[in-house]
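# How does the following fold in three dimensions:
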Amino acid sequence: MRDDLAKNICRYRKEKGLTQEELAKKLGVTFQAVSKWETAQSLPDIALLPRLSQVFDISIDKLLGYASYDKPITIYEEEYKTPEYYWGVEPSKICLRILELLPPSSHLKLLDVGCGEGKDAVFFARNGYDVTAFDISDAGLEKTKRLAEQVGVQVKTFKADILDFRLDTHFDVIFSSGVFHYIKPQLRQDILSNYKQFTKPNGLHVFNVFVNKPFIAQAPEKEPTACNWTSGELFMYYHDWLIQECSEVIFDCNSSGIPHQHAMNKIIAQKYK
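Numbers count the residues shown, from 1 in each chain. Sure thing, here's the model as predicted:
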């Protein structure tokens, strides 16, 4: 618990845009105390936990590292409860490129970040990858399991929030499509650094992100927790990797029943050994 609490104090402080000094002032402690909490040298007094959770606007359970989902986090939870697959079952086109660049001729571990209903995760499993996938939606994970069972493959699934989850085991491929707009700007460096750290030599990161364009109207879903990226922002995190592909596209979408457009950046980056 000590390590989880230390990481969470640091993470949620940064998410709120607070310095150690500013957090210390709100709590009536020294900034040295906050520094020791964040490096797990000491723990905050138990009486400070309610105040910390209030400052960070999270539950004490979440502060201590226990998953707590007391309200819907994704607008798609209800959509995923229907028998039909909201996003269909055909894999994203970018999945084929991964097969070309890093075919599973040996045992390759792949992580699907924010797998939704599992169409991409199941595709990778069918093609021989050892697939792990996570999402925040219970209904989405159930559909992922069901789709995997229907085609006779195994996908290891678990529930997690992309903002809280950090890797502690290595993967050959980390993949995510249409999810990174849920990562708040102040957490992007931390999360992508963690993903890069736990990627094996020659491993791939394959991501796409929605980007803001002044000539494209806001999507009709108006997701309260979404925050689009700036054009080119994603690419800067991979200046020290081999960038196999990077592109920007504008495409039509009808996911909400209302025709609209999105602008998206895509990157395929390889960890050069």
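
# Give me the secondary structure label for the spatially most central residue of the chain.
Nearest to the mean C-alpha position of the chain, by CA atoms, centre = their mean, lies Ile162 at 3.6 Å. Using DSSP: H, G, I helix; E, B strand; the rest coil as the criterion, the local structure at Ile162 reads coil.

# Equivalent analysis for Val131, please.
Relying on three-state DSSP, one would call Val131 strand.

# what does Asp240 give?
Classification of Asp240 by three-state DSSP places it in coil.

# Count the neighbours of it for me.
9 (other CB atoms under 10 Å). C-betas here are computed from N, CA, C, even on glycine.

# cool, and the one 4 residues further on?
Counted with other CB under 10 Å, the burial measure for Gln244 works out to 17 neighbours.

# In which helix or strand does it reside?
strand 242-253 (DSSP states H and E).

# got the contact list for that strand?
97, 101, 204, 211, 213, 216, 219, 231, 235, 259-272 (CB atoms under 8 Å, 6 or more residues apart in numbering).

# Give me the buried subset of these.
97, 204, 211, 219, 235, 262-271 (16 or more other CB atoms under 10 Å).

# Which residue in those residues has the weakest pLDDT?
Minimum pLDDT across the buried ones among the contacts of strand 242-253 is recorded for Ala219, with 81.

# contacting residues for it?
Cys253, Ser256, His260, His262.

# mind checking pLDDT for the third one?
Predicted confidence (pLDDT) for His260: 91.

# Mind listing what's buried along stretch 190-205?
Those would be Asp190, Ile191, Leu192, Tyr195, Lys196, Phe198, Thr199, Gly203, Leu204, His205, for stretch 190-205 by 16+ other CB under 10 Å.

# can I have that stretch written out in PDB, keeping just the CAs?
C-alpha atoms of stretch 190-205 as PDB (Å, rounded to 0.1, in the frame of the first residue of the first chain):
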ATOM      1  CA  ASP A 190       3.900   9.800 -17.200                       C
ATOM      2  CA  ILE A 191       1.800   7.200 -19.000                       C
ATOM      3  CA  LEU A 192       3.700   7.100 -22.200                       C
ATOM      4  CA  SER A 193       7.000   7.000 -20.400                       C
ATOM      5  CA  ASN A 194       5.700   4.000 -18.400                       C
ATOM      6  CA  TYR A 195       4.600   2.200 -21.700                       C
ATOM      7  CA  LYS A 196       8.000   2.900 -23.300                       C
ATOM      8  CA  GLN A 197       9.800   1.600 -20.200                       C
ATOM      9  CA  PHE A 198       8.000  -1.700 -20.300                       C
ATOM     10  CA  THR A 199       8.300  -2.400 -24.100                       C
ATOM     11  CA  LYS A 200      10.800  -5.000 -25.200                       C
ATOM     12  CA  PRO A 201      13.700  -4.100 -27.600                       C
ATOM     13  CA  ASN A 202      12.300  -3.900 -31.200                       C
ATOM     14  CA  GLY A 203       8.800  -3.600 -29.800                       C
ATOM     15  CA  LEU A 204       6.100  -1.500 -31.300                       C
ATOM     16  CA  HIS A 205       3.800   1.200 -30.100                       C
END
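
# chain center to it, what's the gap?
On the basis of CA atoms, centre = their mean, to the nearest Å, stretch 190-205 sits 13 Å off its chain's mean C-alpha point.

# Can you tell me the SS state at Asp112?
Relying on three-state DSSP, one would call Asp112 strand.

# okay, it: pLDDT?
Confidence score, pLDDT, at Asp112: 98.

# For it, give me its contacts.
Taking CB under 8 Å, 6+ apart as the test, what Asp112 contacts is Gly118, Asp120, Ala121, Phe124, Val131, Thr132, Ala133, Phe134, Phe175, Ser176.

# Buried ones among those?
Burial by neighbour count, 16+ other CB under 10 Å: within those this picks out Gly118, Asp120, Ala121, Phe124, Val131, Thr132, Ala133, Phe134, Phe175, Ser176.
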